[in-house]
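Engineer: pasting a predicted model and its sequence here:
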Amino acid sequence: MDLLPESPYNILCTAKESEMGKYMSNFMLTSKVVMANIIYDICQKYGIDYDVIRGIACKDPRIGEGHLSVVDENGGRGANGHCFPKDLSAVHEMYGDESLGHNLLEAVEQYNLDLNLSTDKDVQIIKAVFGI
């Protein structure tokens, strides 16, 4: 334990609790990226400067600055990386098809997939997670 960095959460928990905590964090951040992309699309549609809107939202302490930049340096969009797509998929799978939130999870997952593929953002990760 001495090798690990200091954590703001200093309570021991089970491996399942730790794993679910990671899923929750990544799911919430993935959702934030997806929602920011929806607002970006609306801004594009109505000729509104997204950077101004992002700047306004960032000042709200409940939202903060992280994960609101929607277009990367290569023009890619959507939540990506080694954790976000696979953890979103895992949460969707754990939640199940018979639950009320299934359609929402499916829509978020599909929208994020479409964003990544249409902008060619790290598609090898997306293809590996979704078996495309």
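Structural biologist: Arrived safely.

Engineer: could you check how many residues crowd around Leu117?
Structural biologist: For Leu117, the count of nearby residues is 15 (other CB atoms under 10 Å). Every C-beta, even on glycine, is put in place using the N, C-alpha and C of the backbone.

Engineer: ok, it - contacts?
Structural biologist: With contact set as CB atoms under 8 Å, 6 or more residues apart in numbering, Leu117 has these partners: 123, 126, 132.

Engineer: in JSON lines, list those along with neighbour count, secondary structure and pLDDT.
Structural biologist: As requested, the contacts of Leu117 are arranged in JSON lines below (neighbours: other CB atoms under 10 Å; DSSP: H, G, I helix; E, B strand; the rest coil; pLDDT from 0 to 100):
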{"residue": "Val123", "neighbour count": "15", "secondary structure": "helix", "pLDDT": "80"}
{"residue": "Ile126", "neighbour count": "20", "secondary structure": "helix", "pLDDT": "78"}
{"residue": "Ile132", "neighbour count": "9", "secondary structure": "coil", "pLDDT": "78"}
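
Engineer: going by distance to Val108, which of those wins?
Structural biologist: Distance to Val108 across the contacts of Leu117 (CB to CB) is lowest for Ile126, with 14.2 Å.

Engineer: so that closest one versus His92, what's the distance?
Structural biologist: 15 Å (CB to CB, to the nearest Å).

Engineer: quick one: His92 and Leu105 touch, right?
Structural biologist: Yes. His92 is within contact range of Leu105, at 4.3 Å (criterion: CB atoms under 8 Å).

Engineer: more crowded one of these two?
Structural biologist: Between His92 and Leu105, counted using other CB under 10 Å, Leu105 has the larger neighbour count: 21 against 18.

Engineer: can you give me the pLDDT of that one?
Structural biologist: Leu105 is assigned a predicted lDDT (pLDDT) of 84.

Engineer: list the contacts of it.
Structural biologist: 88, 91-92, 95.

Engineer: helices along this protein, start to end?
Structural biologist: Along the chain, the stretches classed as helices by DSSP state H are 15-46, 50-58, 84-95, 102-118, 123-130.
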